[in-house]
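Engineer: Got a predicted model here, sequence first, then my questions.
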Amino acid sequence: MRERSMRHLVPICLCLALAACGGDFSNDDLEFLNAFPRREDLTASMPGKTQGEAWGARVASKSAQQAGRLGDSSGIVGDTDKTGLRFNEAVDGILSSLEAIQQYTPTKREPNRRVWGPIPGRNDMRFDTRFVMTREGERFDYQLQYRDIGEGEDAWWSFMSGSFQANGGVRKGEGSLIMDLKRAREERFLDIPFLDREEIHYQTRKLPTRVELVFVSNVPTLLPSRYIYREAEGDLAEMTFQILDTDFVQGGLREDVALTTRWAPDGRGTGILEIIKGDILGAKYTECWDAQGRVTFISRSWDFLNPTEGLRSSCPDMSALDR
């Protein structure tokens, strides 16, 4: 809880510091602000309301033969729901700082540069704060920066760095956001022990849209390091992530598996687990479910006697996500 509360100090303190700044946005200011990602473009929808274990653990914690049964509630739906919630929490933690800044006009305007701040440290905050944004053509770069109170220009360091390359209209293009948690530890700004960096990379210029969430950890097996969320025409959605060091297939080795889940707005969907390390490398488990989240089809690529159960035709058409 300490880590979470400290994280939220970032937007709150900046918001309070900027509260005295007033004025109106110019048309050029709005062009800068349009380079910020919108929450609705980066957050994931959910395939259902089933509650699963954290980070996709429930399906992979079972053996391959127990992963699903026809007519039962799909464990993959629950795994994806819970993982999607964690995905959105991570995105929310990064975007909240940007959303606080957008409420206030810049304190300094230059033809291709905007600055919010610098705001002197207050009370128990030992850091000055500023937000700097630059423009070159259709590309925008920005940094949320801190320094010890009263230090000079060279003392600023970037806690958050972002970029956006416009392409295809307002808020359409490619961008990234990176939070440097290792530097924040070194500067005694935040103390999150296991993560060195959080990253978001996204493209919104064409369908399917894509959001990639990356955790760079100094303990790589602590949690999956990469999540990819995509949306296609017809509100079809897809989530891909990896589950490490599980005994999904009985044998001499433990497995790393990749889980890709696709779902339609009515709740129907398909999940594919692929073994990427361990016993029977490359083997796949496929599962489809109906609008109520009940398993309608199962395929086990390694099972020669009973490779499929149910009707493959019950699986929804997800071809729009194949582009």
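Structural biologist: Looks like it came in fine. Numbering: from 1, shown residues only.

Engineer: Helices along the stretch 151-300 of the chain, start to end?
Structural biologist: Assigned by DSSP state H, counting those that start in this stretch, the helices in the stretch 151-300 of the chain fall at 181-186.

Engineer: no no, the stretch 1-150 of the chain
Structural biologist: With DSSP H, counting those that start in this stretch as the criterion, the stretch 1-150 of the chain has helices at 2-18, 27-33, 39-42, 57-61, 75-101.

Engineer: Just the buried residues of the longest one, please?
Structural biologist: Think helix 75-101. Of all the residues in helix 75-101, those buried under the rule 16 or more other CB atoms under 10 Å are 75-84, 86-88, 90-91, 93-98, 100-101. Every residue, glycine included, has its C-beta placed from N, CA and C.

Engineer: pLDDT of it, averaged?
Structural biologist: Across helix 75-101, the average pLDDT comes to 86.

Engineer: How about the second one?
Structural biologist: This predicted structure assigns helix 27-33 an average pLDDT of 90.

Engineer: Residues touching that helix, excluding its own?
Structural biologist: 25, 102, 105-106, 109, 114, 133, 135, 140 (CB atoms under 8 Å, 6 or more residues apart in numbering).

Engineer: so how far is it off the chain centroid?
Structural biologist: Here helix 27-33 is found 26 Å from its chain centre; the criterion is CA atoms, centre = their mean, to the nearest Å.

Engineer: Then stretch 246-256?
Structural biologist: Chain-centre distance of stretch 246-256: 28 Å, with CA atoms, centre = their mean.

Engineer: next one: stretch 294-304
Structural biologist: 30 Å.

Engineer: I would like the residues contacting it, please.
Structural biologist: When contacts are defined by CB under 8 Å, 6+ apart, stretch 294-304 is touched by residues 64-65, 68-74, 249, 280, 283-290, 306-312, 314-315.

Engineer: low-scoring stretches of the stretch 201-323 of the chain, by residue?
Structural biologist: Residues of the stretch 201-323 of the chain that meet the criterion pLDDT under 70 lie in 220-224, 249.

Engineer: Name the nearest residue to the spatially most central residue of the chain, ignoring sequence neighbours.
Structural biologist: For the chain, residue 213 is the residue whose C-alpha lies nearest the centre (CA atoms, centre = their mean; 3.6 Å). Once flanking residues are discounted, residue 213 sits nearest to residue 227: 4.4 Å by CB to CB, 6 or more residues apart in numbering.

Engineer: That neighbour against residue 88, yeah?
Structural biologist: No - counting by CB atoms under 8 Å, residue 227 does not reach residue 88; the two are 10.6 Å apart.

Engineer: Contact partners for the spatially closest residue to residue 114 that is not a sequence neighbour?
Structural biologist: Leaving aside its sequence neighbours, residue 114 sits nearest to residue 106 (CB to CB, 6+ apart; 4.2 Å). Applying CB under 8 Å, 6+ apart to residue 106 gives the contacts 29, 32, 114-116.

Engineer: Repeat that for residue 126.
Structural biologist: Per CB under 8 Å, 6+ apart, neighbours of residue 126: 148-149.

Engineer: how close does it get to residue 120?
Structural biologist: According to CB to CB, to the nearest Å, residue 126 and residue 120 sit 11 Å apart.

Engineer: what does residue 161 give?
Structural biologist: Residue 161 is 23 Å from residue 120, by CB to CB.

Engineer: coming back round to it: check what pLDDT the residue nearest to residue 114 gets.
Structural biologist: 92.
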